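A.B. asks: sequence first, then the predicted structure:
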Amino acid sequence: MTAPQHTPKVSEREARQVAEAAREQDWRKPSFAKELFLGRLRLDLIHPHPQPAPKDVERGEAFLAKMRDFCETRVDGRLIERQSQIPDEVVNGLKELGAFGMKIDTKYGGQGLTQVYYNKALTLAGSASPAIGALLSAHQSIGVPQPLKLFGTQEQKDAFLPRCARTDISAFLLTESDVGSDPARLATAAVPDGEDTYVLDGVKLWTTNGVVADLLVVMARVPKSEGHKGGITAFVVEADSPGVTVENRNAFMGLRGIENGVTRFHQVRVPAANRIGPEGSGLKIALTTLNTGRLSLPAMCVGGGKWALKIAREWAGVREQWGRPVARHEAVGAKISFIAATTFALEAMTDLSAQMADENRNDIRIEAALAKLYGSEMGWLMTDELVQIRGGRGFETADSLAARGERAVPAEQMLRDMRINRIFEGSTEIMHLLIAREAVDAHLSVAGDLIDPDKTLQDKAKAGVGAAGFYAKWLPKLVAGPGQLPSAYSEFGPLAQHLRYAERAARKLARSTFYAMSRWQGRMETKQGFLGRIVDIGAELFAMSAACVRAEHLRATGENGREAVQLADAFCRQSRIRVEELFTRLWSNTDDLDRKVVDEVLAGAYTWLEEGVVDPSDDGAWIADATPGPAKRDNVHRPIR
């Protein structure tokens, strides 16, 4: 059977409804970040810093020791960069090590690592080669293991998890050539054929691991019919199934060793037993998987920060200009301070989120999203600053440096590799909107009908009564709080001032959100510039809180406590400057003017400004033809042997 093969045409409202239906609607557990956006600094949810169980530490440290030895002795990052491929023997070595089963339970042959130690392993592996970090993360964080762990049947777990733990590589396939963060337009179809089979047709783009994968998680649209609820649905698909063709191995500016491709499905028969969850639950499965899956990305950004700090320290201490090391010049020293302080805070943020995920006491969907957003943005800035500190050598390749007798420092490669993190697993712009939606959830819950243009006056009146009751209780609590008491958070010593600031800023953030809701009501969702700044303030406050809690824990345990407090203090002072600027820009910005300029650009009013250059790009289509049907190109699928 063949389904209609066209990208669905959906309105903006319909697209939003699809995304909204996939959200987790309930908050059954507390959330530090959710409370933060409501103006409450619930320090009791993160302090004292949660700690892993001794048995988890023992298992995790033992694996990290093996991973470090493997990375130091068997991984040549420069070779991977030159050849644009991870050697098969390295991939097989990772399989033997058990690296593909780090998050899989031991009863299925995995390592059974916690999220904390899984993150640490990715930090380590990604520092040896970011392509290896991406390989392992795509396999376990969003590939077959995690969705099956959360939503799979026991039969599915028994069938697939042992393979994923030791022998098979998995990939996650959602994106299409004309479908990115708007899944309502998903075109890949899964048409029921009898009671026990679906037939897949469609083309998927940017399938990380797809070129070498053995197992695929595929998101496809099941048409609604008698006996079938329909909707976007998740399937486990064998990569060597008839009709599966990898049509292209994509090449990128960075992460040159990743096996990312275009995968075509033509009349691919998939057993109904391979469907994950019920029909129509695919997006919810994907979003829930990403709640913890996103933590792998900031973990690798932490690795980038650690390496940037090491190189900056070593280089800036020996490179002299005007009679002293460049590190002693304030302009360079400020960059080094930023890298050191931000690496400390980002590690604190990531570790705290991961430990909360392991304990499962808190809902960390916002915390994980904030860590991804903040890690990708700050990781890029830290790496960019390293290139600047290195000067011309930062722009020069490692092989070129080595060829002329200098240390082969791949700073420019790190910059290229790091850039994708602002796009991977939800671009910065999409993360702003996703987090903002969760941050204003309480407001929308009480005022939903009030600002819904389709609701009747009677519905609006009823909603108005409910909203009035909510805000009558909530708003007075935003006037004063512990942040105004000089003695508050005194157990944090010199860092107490920063937590008092965070508490005051959280209340100001909540008031700002309320003012915006009052001003724009239903149009609030269109104010993406405002919402992005709200989220960025929340990210800074979360990072400040995590840094203070981590520093206090290290001080109390005697592990580099003095240095940790100093780094946390430096970070919080830097962060506070950024927060104040963001607060100012909430109401003083060029958003309205920018929209007018964009209208003029799209209308062609400024084409005269484009004159005087040549366009080196060719005349190909902006979006490749992805019409379903039989493959017309050779299959470049390359199983690891």
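C.D. replies: Great, that's in hand.

A.B. asks: mind checking how far H47 is from A348?
C.D. replies: Using C-beta to C-beta, to the nearest Å, H47 is found at 12 Å from A348. The C-beta positions use only the backbone N, C-alpha and C, and glycine is treated the same way.

A.B. asks: residues shared between the contacts of the two?
C.D. replies: Residues touching both H47 and A348 by C-beta atoms under 8 Å, 6 or more residues apart in numbering: V549.

A.B. asks: neighbour count winner among the two?
C.D. replies: A direct count of neighbours by other C-beta atoms under 10 Å for H47 and A348 places A348 higher, at 28 against 21.

A.B. asks: right, and the secondary structure at that one would be what?
C.D. replies: Secondary structure of A348, reduced to three states by DSSP: H, G, I helix; E, B strand; the rest coil: helix.

A.B. asks: going forward, count from 658.
C.D. replies: Sure, I'll start counting at 658 from here, so that last one is A1005.

A.B. asks: so what's A672 scoring on pLDDT?
C.D. replies: Model confidence at A672, given as pLDDT, is 62.

A.B. asks: any stretches of this protein with poor pLDDT?
C.D. replies: Low-confidence segments of the chain (pLDDT under 70): 658-679, 1101-1114, 1116-1123.

A.B. asks: let's see that with 80 instead.
C.D. replies: Under the criterion of pLDDT under 80, the regions of the chain flagged as low confidence span 658-683, 837-841, 1097-1128, 1178-1179.

A.B. asks: what about the helices in the stretch 758-907 of the chain?
C.D. replies: 772-785, 787-794, 802-808, 811-823 (DSSP state H, counting those that start in this stretch).

A.B. asks: nearest to G1126, of those?
C.D. replies: Nearest to G1126 among those is helix 802-808; the distance by C-beta to C-beta comes to 36.5 Å.

A.B. asks: okay, the closest one in PDB with CA atoms only?
C.D. replies: C-alpha atoms of helix 802-808 as PDB (Å, rounded to 0.1, in the frame of the first residue of the first chain):
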ATOM      1  CA  PRO A 802      17.700   2.600  24.000                       C
ATOM      2  CA  GLN A 803      16.100   5.600  25.700                       C
ATOM      3  CA  PRO A 804      12.600   5.500  24.100                       C
ATOM      4  CA  LEU A 805      12.400   1.700  24.800                       C
ATOM      5  CA  LYS A 806      13.600   2.200  28.400                       C
ATOM      6  CA  LEU A 807      10.700   4.700  28.900                       C
ATOM      7  CA  PHE A 808       8.000   3.400  26.700                       C
END
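
A.B. asks: how close does R951 get to A816?
C.D. replies: 27 Å.

A.B. asks: who has more neighbours out of those two?
C.D. replies: Per other C-beta under 10 Å, whichever of R951 and A816 has more neighbours is R951, with 28 against 15.

A.B. asks: looking at it, that one is touching I1087, isn't it?
C.D. replies: No - applying C-beta atoms under 8 Å, one finds R951 not in contact with I1087, separated by 11.8 Å.

A.B. asks: need the contact list for Y775.
C.D. replies: With contacts taken as C-beta under 8 Å, 6+ apart, Y775 has the following neighbours: M759, K760, Q797, S953, A1011.

A.B. asks: dihedrals phi and psi, the closest residue to the third one other than its chain neighbours?
C.D. replies: To tie it back to what came earlier, the one meant is Q797. With C-beta to C-beta, 6 or more residues apart in numbering as the criterion, Q797 has its nearest non-adjacent residue at 4.9 Å, and that residue is K760. Backbone torsions of K760, given as degrees, to the nearest 10, read phi -100, psi 0.

A.B. asks: what about K760, how many residues nearby?
C.D. replies: Residues within reach of K760, counting by other C-beta under 10 Å, total 26.

A.B. asks: thinking again about what came up before, would you list the helices of the stretch 758-907 of the chain in TSV and tack on distance to D839?
C.D. replies: Converted to TSV, those look like this (distance: least, C-beta to C-beta, whole Å):
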stretch	distance to D839
helix 772-785	29
helix 787-794	24
helix 802-808	21
helix 811-823	29
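
A.B. asks: quick check: which of the ones you listed is nearest to G937?
C.D. replies: With C-beta to C-beta, the closest approach to G937 among the helices of the stretch 758-907 of the chain belongs to helix 802-808: 12.9 Å.

A.B. asks: now what about that closest one, what contacts it?
C.D. replies: Counting contacts by C-beta under 8 Å, 6+ apart, the residues outside helix 802-808 that touch it are 758, 760-762, 767, 796-797, 813-814, 817-818, 821-822, 827, 874, 891, 893, 933-934, 938, 942-943, 945-946, 949-950.

A.B. asks: let's see 10 Å
C.D. replies: For helix 802-808, contacts defined as C-beta atoms under 10 Å, 6 or more residues apart in numbering pick out 757-762, 765, 767, 796-797, 809, 813-814, 816-818, 820-822, 827, 829, 872, 874, 891, 893, 933-935, 938-939, 941-943, 945-950.

A.B. asks: quick one on the thing from earlier: closest to A1065 out of the helices of the stretch 758-907 of the chain?
C.D. replies: Nearest to A1065 among the helices of the stretch 758-907 of the chain is helix 772-785; the distance by C-beta to C-beta comes to 14.3 Å.

A.B. asks: just the C-alpha atoms of the closest one, please, in PDB.
C.D. replies: The C-alpha coordinates for helix 772-785 follow below in PDB (Å, rounded to 0.1, in the frame of the first residue of the first chain):
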ATOM      1  CA  GLN A 772      23.000  10.000  34.100                       C
ATOM      2  CA  VAL A 773      25.800  11.700  36.000                       C
ATOM      3  CA  TYR A 774      28.400   9.200  34.900                       C
ATOM      4  CA  TYR A 775      27.000   8.800  31.400                       C
ATOM      5  CA  ASN A 776      27.500  12.600  31.100                       C
ATOM      6  CA  LYS A 777      31.000  12.400  32.500                       C
ATOM      7  CA  ALA A 778      31.900   9.600  30.000                       C
ATOM      8  CA  LEU A 779      30.500  11.700  27.100                       C
ATOM      9  CA  THR A 780      32.600  14.700  28.400                       C
ATOM     10  CA  LEU A 781      35.700  12.500  28.200                       C
ATOM     11  CA  ALA A 782      34.900  10.800  24.900                       C
ATOM     12  CA  GLY A 783      33.900  14.100  23.300                       C
ATOM     13  CA  SER A 784      37.200  15.700  24.300                       C
ATOM     14  CA  ALA A 785      39.100  13.000  22.500                       C
END
